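Visitor: no sequence on this one, just coordinates:
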């Protein structure tokens with residue numbers, strides 16, 4: 001009887017390590033399977049920052065001023081009419097554009113005299129600036145046009161001419177554009193490689209032109225800002 005018990009105990013002792021070994025292997029296999037089927041952690045990637053496109057800069061200039069009255073007609077002067085009637089409306093709509101920056105040359109100053117007599121003005125402008133100058137014509141005639149610095153008008157020049165045609169009418173002598181190389185301030189801009197347009201908005205000596213300008217000044221200013229920047233204002 002004792003021998004039988006001893007044999008049973010001995011057999012169990014031999015089987016116990018085998019059972020423990022099998023259990024350990026099963027756990028290891030289960031762990032390995034779980035690890036292999038687990039989804040790998042997602043890698044977080046940081047997108048590179050895209051630099052915002054620099055806004056195009058336009059400088060709008062009211063012609064004459066600082067003691068220079070410019071042309072005279074219909075009880076006013078070119079410098080006064082532009083600053084009193086056109087400038088406030090242009091400033092109003094210049095604030096509405098989103099993709100361009102518009103600044104105004106100091107209305108108390110005269111870009112031409114600053115350039116030619118003080119070696120400032122156009123000599124000090126950033127070459128990436130586009131200059132738009134507004135004037136009124138004289139001595140006699142009707143309609144406006146755009147003075148350009150290349151033999152062929154740019155898309156901007158064409159848009160500005162359309163505004164003149166719609167609200168005042170075009171000067172028949174130029175049919176919208178005139179290429180000039182004899183304007184001293186403009187020659188400074190040209191030689192420095194600065195893009196510009198000079199807008200003759202109509203004749204200050206013509207009652208009809210002045211009437212249309214005053215009557216439609218808000219619409220003209222809005223259309224001019226849209227033409228300059230090629231942006232639509234709501």
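Guide: Structure's in. What do you need? Note that the coordinates shown come from a computational prediction; the quantities given were computed from them, not determined experimentally.
Visitor: contacting residues for the residue most central in space within the chain?
Guide: The centre of the chain sits closest to residue 100, judged by Cα atoms, centre = their mean, with a distance of 2.5 Å. Residues near residue 100 by Cβ atoms under 8 Å, 6 or more residues apart in numbering: 55, 56, 57, 58, 228, 229, 231. For the C-beta atoms, the positions are set from N, CA and C on the backbone; glycine is no exception.
Visitor: same deal with residue 177?
Guide: Per Cβ under 8 Å, 6+ apart, neighbours of residue 177: 145, 146, 147, 148, 153, 157, 161.
Visitor: kindly present these as CSV, with separate columns for distance to residue 90, pLDDT and secondary structure.
Guide: Output for these, formatted as CSV (distance: Cβ to Cβ, whole Å; pLDDT from 0 to 100; DSSP: H, G, I helix; E, B strand; the rest coil):
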residue, distance to residue 90, pLDDT, secondary structure
145, 19, 98, strand
146, 16, 98, strand
147, 18, 98, strand
148, 20, 98, strand
153, 21, 98, coil
157, 18, 98, helix
161, 17, 98, helix
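Visitor: which among those gets closest to residue 117?
Guide: When the contacts of residue 177 are compared for distance to residue 117 (Cβ to Cβ), residue 147 wins out at 21.5 Å.
Visitor: still on that earlier bit, residue 70: which of the contacts of residue 177 is nearest?
Guide: The closest of these, once distances to residue 70 are taken by Cβ to Cβ, is residue 147, at 14.8 Å.
Visitor: do I have it right that the closest one meets residue 189?
Guide: No - applying Cβ atoms under 8 Å, one finds residue 147 not in contact with residue 189, separated by 11.4 Å.
Visitor: please consider this matter closed, and thank you.
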